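In: I would like to see how this sequence folds:
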Amino acid sequence: MLDNKINETNINHLVKVFYSKVLKDEIISPFFIDKLGNKMDSEEWQKHIVIISDFWLTVSTGKGTYNGSPFAPHMQINGLKKESFERWLKLFFETLDEIFIEEIANSFKKRSSIIASNFIRNLGIYN
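Out: Next comes the predicted model:
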């Protein structure tokens, strides 16, 4: 059954399921493995999952405590392309559709698309 509300538990589930897909993806997994390793149970991954879960909880409900800059770490990653963000969105959208009802999934899709577009523009990626 798909979730019809947003809470800390299902956001954390979303993030974990999403990143399990990311680690299997040939296009974007190298970026994450380079920074965090290839085992999601590592300390680095666990910290990342907490941060990203809090980010999405804050963005979607305003109830999280995230107050960082999600863009800043992306400036440190070499080799990002528009295709990287497109693949990220594809996997994120698939995961959203597995976890949330359509209305909630579409809200996340809209927000994540805007964020990705801003990152692409701010990074000066044109290909």
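In: just the strands in this protein please.
Out: Assigned by DSSP state E, the strands in the chain number zero.
In: now it, which segments are flagged as low pLDDT?
Out: For the chain, applying pLDDT under 70 flags the ranges 75, 127.
In: could you pull out the helices for it?
Out: Using DSSP state H, the helices assigned to the chain run over residues 8-22, 29-36, 43-61, 82-99, 102-123.
In: list the buried ones in the longest one?
Out: Under the neighbour-count criterion of 16 or more other Cβ atoms under 10 Å, helix 102-123 has 104, 105, 108, 109, 112, 115, 116, 119, 120, 123 buried. C-beta coordinates here come from the backbone N, C-alpha and C atoms, glycine included.
In: hmm, who's touching that helix?
Out: Residues outside helix 102-123 that contact it (Cβ atoms under 8 Å, 6 or more residues apart in numbering): 3-6, 56, 59-60, 70-71, 74-75, 80, 82, 85, 88-89, 92-93, 96-97, 99-100.
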